[in-house]
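Visitor: what's the 3D shape of this:
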Amino acid sequence: MTAVQQAPSAGSPAPPAQAPPPARQGSAGSLRRAPGAPPTGARRLLPRTVAARVRTLTALSLVLLVVLLGAGWAAIANAREGVRVIGHDAGPQVVATGDLYFQLTDMDAQLANALLIGGAAGGGRDQALARYDDNRRKAGDALLKAAKLADETTEDNTARDVLDALGRYERLAGQALLLDRQSPHASGPPSQKVIDLYRQATDLMKLDLLPKAYNLTLDNGTLVRHTYEEKRSAVLAGRAWILVVGVALLVTLAGFQLYLAKRFRRLLNVPLALATLGTLVLVAAGTLMLSGQADHLRKAKEEGFDSILALSRTRAISNSANADETRFLLDPGRADAYEQVYLSKSQTVLYLKAGNLTQYNAAVQKGLSFEPGRAPFLGFLGTEANRPTESSEREAQMANVMNKTLSAYQKVQANDRQMRDRVRVGQRDEAVAARGTASADFAAYDRSLQELVNVHQKAFNEAVEDGDGGTSGWYAVLPVAGVVIALLVLAGVRPRLAEYRWSK
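Guide: Just a heads-up that it's a prediction; the model follows:
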């Protein structure tokens, strides 16, 4: 029989209240939060109401938009600075100072020509001296540009040292010319006193002036190289930031759209959709623009500046080698040394394996045909022949000019061989007289080198022009696009918040 529990009588005390059940433990022994208890830890940081969540997503979208605009602004500034330095400031000035090496070598070459010609009628002494004076003025201008470009004490000191050495060279050259006028010669080498003065001048040029001038060009070229590496890396980093932040903003806006559609039962929030579309267009356009700017910087540096500077040095070394032929005739006491130096300079310009000058000339005359990118020779011309180009039109143009240059180089080497053969059989005067034809062939070779320079100068100018135009208007596009996208986000959110407050 079941016992029936009776209610307590009015006079009896109430039973003790039953204690609440203990909180359940999880598998790890931690206490679970009882239903209705306040949130703890990280959960307190999360928005708990619809309005708070909408405001949080709005703030996150606007913050990401500001970061996106800031990354784009900084990347554009780096791109413009890179184009300015490489294309309009340091780059052209370095090329100008690179010509200093050529002008110095040509000064020494024309001095040797003037002394070799002597007082022979119609020999061209006046023309040689006029060219000497012209190169002296150009060298002075190039030194002034180099001094302005110098941004370190060592570079400034180098420019001053070159200027000082140039003054000493001109003093020795003037003494040699004056002494040669006092004892003119119609044939044969000048007097030993003149040769001794010229030796001092040309040794000063080769051992002091030219190395310092080349170091000055290298020092100034370092500024362009550092600017290129720094700014191009910054542009590519800016592009990466735009992609990462842009994708994060697109994901946030898309999630925002889905949340509003689910919570407020709206199929599409038109302002928010337009903001998402605008962000997508801005990110895509910015990425393409920065990719283009990085490519313009690369073309200006690698396909333009580097080749122009290398070919400028090629012209200078070729001209110095041509002057060594004159020195070979002018100073018989150093003829063997000048012949060896001529071989060394020739192999610097175009390297073919050879033990002596005769073997080198024979290798050059066998043929210098090549396929673009697969030249069978090295040296400056080998590097130029193997330099890759993206444009098939420019590649064909380069191949045509390069073949012309190589053909002219073969003539220069053939003339050198004939001159030395005449000297060896005792026909020195005939060798000196043949320098007229040889000079014309060398001038044709030098013009072909200048054509190569012009091809790269055109590529350089085009890259700089494209770089200038690539960022045109973007300083206006970014703030306008940012304001429009921000207003669209706010326009999409405000009605939903108002609707939420009205429904409450």
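
Visitor: List of residues touching stretch 327-347?
Guide: For stretch 327-347, the external contacting residues (C-beta atoms under 8 Å, 6 or more residues apart in numbering) are 112, 115-116, 189-190, 195, 198-199, 202, 317-318, 320-321, 324-325, 354, 356-357, 360, 379, 413, 416, 419-420, 423, 428, 431-432, 435. Yep, even glycine has a C-beta here, placed from its N, CA and C like the rest.

Visitor: For that stretch, output the C-alpha coordinates as CSV.
Guide: Taking Å, rounded to 0.1, in the frame of the first residue of the first chain, the C-alpha atoms of stretch 327-347 are listed here in CSV:
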residue,chain,number,x,y,z
ARG,A,327,100.4,55.2,-79.3
PHE,A,328,101.9,52.0,-80.9
LEU,A,329,103.0,54.3,-83.8
LEU,A,330,103.8,57.3,-81.7
ASP,A,331,106.0,55.6,-79.1
PRO,A,332,108.1,52.7,-80.5
GLY,A,333,109.7,52.1,-77.2
ARG,A,334,106.4,51.0,-75.7
ALA,A,335,105.0,49.3,-78.8
ASP,A,336,104.9,45.8,-77.3
ALA,A,337,103.1,47.0,-74.2
TYR,A,338,100.5,49.0,-76.3
GLU,A,339,99.9,45.9,-78.5
GLN,A,340,99.2,43.8,-75.4
VAL,A,341,96.9,46.4,-73.9
TYR,A,342,95.1,46.6,-77.2
LEU,A,343,94.4,42.9,-77.1
SER,A,344,93.1,43.1,-73.5
LYS,A,345,90.7,46.0,-74.3
SER,A,346,89.5,44.2,-77.5
GLN,A,347,88.7,41.1,-75.5
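
Visitor: list the buried ones in that stretch?
Guide: By 16 or more other C-beta atoms under 10 Å, the buried positions in stretch 327-347 come out as 327-331, 334, 338-339, 341-343, 345-347.

Visitor: Which of the contacts of stretch 327-347 are buried? Put it as a PyMOL command.
Guide: Buried subset of these, written as a PyMOL selection, criterion 16+ other C-beta under 10 Å:
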select buried, resi 112+115+116+189+190+195+198+199+202+317+318+320+321+324+325+354+357+360+379+413+416+419+420+423+428+431+432+435
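
Visitor: So which of the contacts of stretch 327-347 are in helices?
Guide: Members of the contacts of stretch 327-347 lying in helices (criterion: DSSP state H): 112, 115-116, 195, 198-199, 202, 317-318, 320-321, 324-325, 357, 360, 379, 413, 416, 419-420, 423, 428, 431-432, 435.

Visitor: what about the strands in the stretch 351-500 of the chain?
Guide: Remark: no strands are assigned in the stretch 351-500 of the chain by DSSP state E, counting those that start in this stretch.

Visitor: which regions of it lie under the pLDDT threshold?
Guide: By pLDDT under 70, the low-scoring segments of the stretch 351-500 of the chain are 390-391, 495-500.

Visitor: Nearest to the spatial middle of the chain, which residue is it?
Guide: Centroid-nearest residue in the chain: Lys301, 3.2 Å away (criterion: C-alpha atoms, centre = their mean).

Visitor: In contact with that residue, which residues?
Guide: Ile86, Val224, Arg225, Tyr228.

Visitor: swap in Asn215?
Guide: Counting by C-beta under 8 Å, 6+ apart, Asn215 makes contact with Thr158.

Visitor: For it, which three-state class applies?
Guide: helix (DSSP: H, G, I helix; E, B strand; the rest coil).

Visitor: State the distance from it to Tyr409.
Guide: Distance of Asn215 to Tyr409, computed by C-beta to C-beta, to the nearest Å: 27 Å.

Visitor: among the contacts of Lys301, which are in helices?
Guide: Per DSSP H, the contacts of Lys301 map to helices at Val224, Arg225, Tyr228.

Visitor: Are we agreed that Glu267 is in a strand?
Guide: Actually, residue 267 is Leu rather than Glu. No: assigned with three-state DSSP, Leu267 falls outside any strand and is coil.

Visitor: Quick check: closest non-adjacent residue to it.
Guide: Closest residue in space to Leu267, ignoring its immediate chain neighbours: Ala261 at 6.3 Å, by C-beta to C-beta, 6 or more residues apart in numbering.

Visitor: how far is stretch 51-71 from where the chain is centred?
Guide: Counting by C-alpha atoms, centre = their mean, to the nearest Å, stretch 51-71 is centred 37 Å from the centre of its parent chain.

Visitor: isn't Arg168 right up against Gln200?
Guide: No: the pair Arg168 / Gln200 is not scored as a contact, 9.3 Å apart, by C-beta atoms under 8 Å.

Visitor: How many residues are close by Asp429?
Guide: 12 (other C-beta atoms under 10 Å).

Visitor: Oops, could you answer that again for Val425 instead?
Guide: Residues lying near Val425 (other C-beta under 10 Å) number 9.

Visitor: and Trp73, how far is that from Leu282?
Guide: On the measure of C-beta to C-beta, Trp73 and Leu282 end up 12 Å apart.

Visitor: higher neighbour count, those two?
Guide: Neighbour totals were compared for Trp73 and Leu282, and Leu282 leads with 23 against 16 (other C-beta under 10 Å).

Visitor: Nearest residue to that one in space, ignoring adjacent ones along the chain?
Guide: What sits nearest to Leu282 in space, not counting adjacent residues and going by C-beta to C-beta, 6+ apart, is Ala481, at 5.1 Å.

Visitor: among the buried residues of stretch 327-347, which are in helices?
Guide: Using DSSP H, the buried residues of stretch 327-347 in helices are Arg327, Phe328, Leu329, Leu330, Tyr338, Glu339, Val341, Tyr342, Leu343, Lys345, Ser346, Gln347.

Visitor: so which of those would you say is closest to Asp99?
Guide: Of all those, Lys345 has the smallest distance to Asp99: 18.1 Å, by C-beta to C-beta.

Visitor: what's the spacing between the closest one and Ala71?
Guide: 50 Å.

Visitor: Any figure for the gap between Leu272 and Ser61?
Guide: Distance, Leu272 to Ser61, using C-beta to C-beta: 9 Å.

Visitor: Common neighbours of these two, please.
Guide: Leu253, Phe256, Val489.

Visitor: Out of those residues, who's the most crowded?
Guide: In terms of neighbours by other C-beta under 10 Å, these top out with Leu253 at 28 neighbours.

Visitor: hang on, it packs against Leu277?
Guide: No: when contacts are counted by C-beta under 8 Å, Leu253 is not listed as touching Leu277 (9.5 Å).

Visitor: Could I get the average pLDDT for the helix or strand containing Asp306?
Guide: According to DSSP states H and E, Asp306 maps onto helix 306-330. Confidence over helix 306-330 (mean pLDDT, whole number) is 89.

Visitor: Same check on stretch 278-286?
Guide: Per-residue pLDDT over stretch 278-286 has a mean of 95.

Visitor: what's near enough to touch Ile76?
Guide: Contact analysis of Ile76 by C-beta under 8 Å, 6+ apart lists Gly238, Met289, Leu290, Thr471, Trp474, Tyr475, Leu478.

Visitor: Narrow these to those in helices?
Guide: Using DSSP H, the contacts of Ile76 in helices are Gly238, Met289, Leu290, Trp474, Tyr475, Leu478.

Visitor: Please tabulate those in JSON lines, including the columns distance to Thr158.
Guide: Putting those into JSON lines (distance: C-beta to C-beta, whole Å) gives the following:
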{"residue": "Gly238", "distance to Thr158": "35"}
{"residue": "Met289", "distance to Thr158": "39"}
{"residue": "Leu290", "distance to Thr158": "37"}
{"residue": "Trp474", "distance to Thr158": "39"}
{"residue": "Tyr475", "distance to Thr158": "39"}
{"residue": "Leu478", "distance to Thr158": "43"}
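
Visitor: Narrow those residues to just the buried residues.
Guide: Gly238, Met289, Leu290, Trp474, Leu478.

Visitor: The closest residue to Asp468 other than its chain neighbours and Lys301, how far apart?
Guide: Among residues not flanking Asp468 along the chain, Val83 sits closest, at 6.1 Å (C-beta to C-beta, 6+ apart). For Val83, the distance to Lys301 equals 11 Å [C-beta to C-beta].
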